[in-house]
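In: Model the structure of this input:
(4 chains)
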2 protein chains.
Amino acid sequence: MSQPRKPNPARRSERSRQAVLDAARDLVSELGYAKVSIEAIAARAGVGKQTIYRWWPSKGAVIFDSFLALSESEEGMSLPDTGDLEADLKIVMRATVAEFADPAFEAPIRALNTEIIGDPALAAQYREKLAGPVDEAKKERLRSAQRAGQLAADADLDLVLEVLYAPLYQRWVHRSGPLTPQYADALVEITLRAFAP
Amino acid sequence: MSQPRKPNPARRSERSRQAVLDAARDLVSELGYAKVSIEAIAARAGVGKQTIYRWWPSKGAVIFDSFLALSESEEGMSLPDTGDLEADLKIVMRATVAEFADPAFEAPIRALNTEIIGDPALAAQYREKLAGPVDEAKKERLRSAQRAGQLAADADLDLVLEVLYAPLYQRWVHRSGPLTPQYADALVEITLRAFAP
DNA sequence: TCGGCGAGACGAGACGGTCCGTCTTGACAT
DNA sequence: ATGTCAAGACGGACCGTCTCGTCTCGCCGA
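Out: You can find the predicted model right below:
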C-alpha cells in the first residue's frame, strides 16, 4: 500500500532543475507555447519525464518557473526618481512598450498569459512573485510624487497603475493598435490629468 | 493530382452547423475550454469529425463561431443617451462589470480570450465581428457627448474606451481585484476627469 | 412531369501519430 | 539503505486524415 512518497527537496538535483528551466524557455521561444510538450522539454533537457512530474504540477508551472528564474536576476532594481513624475513615468512606460513590442519577449509573455487566464492558482502566483514586487516599486515612486504634490494625495495607487498599464496590456493582447513611444506618452499624460492633485 | 477539393457552402447542412455550435457552447460551459476536444464536440453533436474539419480550421474557430451566433441575437441595441454622460456610462459599465462577474459567462469568455492571445487571425476576427460593432456604438455615444461639450472635442475616442474598459479587463484576466459597481463608477469618474473638455 | 444520375456533404469510425501521466528498470549518490 | 536520476515502455486520449456507405440535392433527357 505504498503511497506515492513525497519527494525530498534536499536531494533534488540542481543540475536537472536548471536544465529543465533552460529547455522550457528555449522551446517556448522557438515553437510558441501551445506546441511545447513536457516530452519535448524532457528530451531537450536530457532529463527523465518523471523528474519533471516529480517537481512540477503542470506545464504552466514549469514555464512560470522558467520566467521567475529570469526575472529574479533583475530584481531589486528601482525606478528613476528625478522629481519630475511625468518625465520619469514616460521613461518607464516607453521601456515597457518597447519590451512588449520586442519579438523575443512576445512568445514567452503570451505563453504565460495564456496559462494565467485559465488557472487561478497560477494567476495568484504571478501576482505575488512577478507583478507584485514590480508594482510595489512603482507605487513607491507614486507615493513620492504624492508627497511632492504632483499627484492627488487620496489617489488609489492600484487604480493609478491600472489606468496607466491596462490600456497597453489590452492593446497588446488583442493586437488592437500600435505600441509606440507616442502611445506610452499619451497614457502618462492622461493618467496624470485624471489623478491630478 | 487531386487537390483537396474545397467544400461548397451552398450544400452545407444548417442542421449540422447548429448542432456543432450548440454542442461546443454546452461543452465549454460544462468542462471549461481546455478540456473540450473536437472529438467530444462531434460526438455530442451527433456529427462526423470530418464535418467539423471541413468547415472550421481550428477548435478556437468553432468556439468563436458559437459565441458569434449568440451575440448576433443582441446586435443592433444602442446605448442609453439621456444627455448625462456620466450617468449613462455608469449604467453601461455596471452592466459590464456584472457580466464579467457572472459565473455563467466566466468559462466561455475565458475560453475565447485564451485562444485570442495566441492566434492573431482569431484576434482580428474578434475585433471585427464582436468588439468592433460594440465599440462603434460606444464611440457614437461619446461623439454625442463631445457635441454637448461634456468631453474634450479633440479626445481620441479609441483611447477613451481603452482607459474606460482596459482596467476592468486586466483586473478580470489577472483576478487582481474585485469587480464591483463602485469600481465601475470609479473608472467612469476617472476617465471623465482625464478627458474633460 | 418525372425518373435517373452524378457531385458532394453527411454520420460513422478506422488509422497512424503525438503527447499525456504512470510505472519500471538499473545506475548512481549520499 | 534509501531516494533521485535518465531512459523509456505502457495504456489511454485526441489529433487530423482517410475511407466507407448513405442521403440530398440540382440537372437533364424522355
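
In: residues touching the residue nearest the centre of chain A, list them.
Out: What sits nearest the mean C-alpha location of chain A, by CA atoms, centre = their mean, is A:Leu130, with 5.2 Å. Residues in contact with A:Leu130 (CB atoms under 8 Å, 6 or more residues apart in numbering or on different chains) are A:Phe67, A:Leu68, A:Ser71. (Glycine included, C-beta is placed from N, CA and C.)

In: interface residues of chain A facing DNA strand C?
Out: Residues of chain A lying near DNA strand C by CB under 7 Å from any atom of the strand: A:4, A:11, A:35, A:37-40, A:48-50, A:53, A:58-59.

In: Just the buried ones among those residues, please.
Out: Buried members of those, counted by 16 or more other CB atoms under 10 Å in any protein chain shown: A:Ile38, A:Lys59.

In: Need the residues of chain A next to DNA strand C in JSON lines (columns: pLDDT).
Out: Shown next, in JSON lines, are the residues of chain A next to DNA strand C (pLDDT from 0 to 100):
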{"residue": "A:Pro4", "pLDDT": "47"}
{"residue": "A:Arg11", "pLDDT": "81"}
{"residue": "A:Lys35", "pLDDT": "92"}
{"residue": "A:Ser37", "pLDDT": "95"}
{"residue": "A:Ile38", "pLDDT": "96"}
{"residue": "A:Glu39", "pLDDT": "96"}
{"residue": "A:Ala40", "pLDDT": "96"}
{"residue": "A:Gly48", "pLDDT": "94"}
{"residue": "A:Lys49", "pLDDT": "95"}
{"residue": "A:Gln50", "pLDDT": "95"}
{"residue": "A:Tyr53", "pLDDT": "95"}
{"residue": "A:Ser58", "pLDDT": "90"}
{"residue": "A:Lys59", "pLDDT": "91"}
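
In: how about JSON lines for the residues of chain A next to DNA strand C, with distance to chain B and secondary structure added?
Out: As requested, the residues of chain A next to DNA strand C are exported to JSON lines (distance: CB to the nearest CB, whole Å; DSSP: H, G, I helix; E, B strand; the rest coil):
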{"residue": "A:Pro4", "distance to chain B": "24", "secondary structure": "coil"}
{"residue": "A:Arg11", "distance to chain B": "33", "secondary structure": "helix"}
{"residue": "A:Lys35", "distance to chain B": "10", "secondary structure": "helix"}
{"residue": "A:Ser37", "distance to chain B": "15", "secondary structure": "coil"}
{"residue": "A:Ile38", "distance to chain B": "15", "secondary structure": "helix"}
{"residue": "A:Glu39", "distance to chain B": "18", "secondary structure": "helix"}
{"residue": "A:Ala40", "distance to chain B": "17", "secondary structure": "helix"}
{"residue": "A:Gly48", "distance to chain B": "26", "secondary structure": "coil"}
{"residue": "A:Lys49", "distance to chain B": "21", "secondary structure": "helix"}
{"residue": "A:Gln50", "distance to chain B": "23", "secondary structure": "helix"}
{"residue": "A:Tyr53", "distance to chain B": "18", "secondary structure": "helix"}
{"residue": "A:Ser58", "distance to chain B": "11", "secondary structure": "coil"}
{"residue": "A:Lys59", "distance to chain B": "11", "secondary structure": "helix"}
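
In: and DNA strand D, which of the residues of chain A next to DNA strand C reach it?
Out: A:Arg11, A:Gly48, A:Lys49, A:Gln50.

In: and the residue nearest to the centre of chain A, which of the three is it?
Out: helix (DSSP: H, G, I helix; E, B strand; the rest coil).

In: for A:Pro178, same thing?
Out: Strictly by three-state DSSP, A:Pro178 counts as coil.

In: what residues does chain A put near DNA strand D?
Out: Near DNA strand D, when you scan chain A using CB under 7 Å from any atom of the strand, you find A:5, A:7-8, A:11-13, A:15-17, A:19, A:46-51, A:54-55.

In: Filter those residues down to the buried ones, PyMOL style.
Out: To isolate the buried ones among the residues of chain A next to DNA strand D in PyMOL, judged by 16+ other CB under 10 Å, type:
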select buried, chain A and resi 16+17+19+47+51+55
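
In: Quickly note the distance from A:Ala87 to B:Thr191.
Out: 24 Å (CB to CB, to the nearest Å).

In: out of these two, which sits in the more crowded spot?
Out: More crowded of A:Ala87 and B:Thr191, by other CB atoms under 10 Å in any protein chain shown: B:Thr191, with 26 against 11.

In: unless I'm mixing things up, the more buried one is touching B:Ala166, no?
Out: No: here B:Thr191 does not reach B:Ala166: they are 10.5 Å apart, not a contact under CB atoms under 8 Å.

In: any idea where the helices of chain A begin and end?
Out: A:14-31, A:38-45, A:49-55, A:59-73, A:85-101, A:103-118, A:120-125, A:132-147, A:157-174, A:181-194 (DSSP state H).

In: So which other helices or strands are in contact with the second one?
Out: Contacts of helix A:38-45 with other secondary structure elements, assessed using 3 or more CB pairs under 8 Å, 6 or more residues apart in numbering or on different chains; DSSP states H and E, are made with helix A:14-31, helix A:49-55, helix A:59-73.

In: Report the distance from that helix to the chain centre.
Out: When C-alpha coordinates are averaged (CA atoms, centre = their mean, to the nearest Å), helix A:38-45 and its chain have centres 24 Å apart.

In: Tell me what angle it forms with helix A:59-73.
Out: Helix A:38-45 runs at 40 degrees relative to helix A:59-73, counting by axes from the mean of the first three to the mean of the last three CA atoms, to 10 degrees.

In: Next, format the helices and strands packed on helix A:38-45 as TSV and append distance to A:Leu179.
Out: Converted to TSV, these look like this (distance: least, CB to CB, whole Å):
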stretch	distance to A:Leu179
helix A:14-31	20
helix A:49-55	35
helix A:59-73	20
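
In: Single out the most deeply packed of the helices of chain A.
Out: For these, average neighbour numbers computed from mean count of other CB atoms under 10 Å in any protein chain shown are highest in helix A:157-174, which has a mean of 21.

In: Cool, thanks, talk later.
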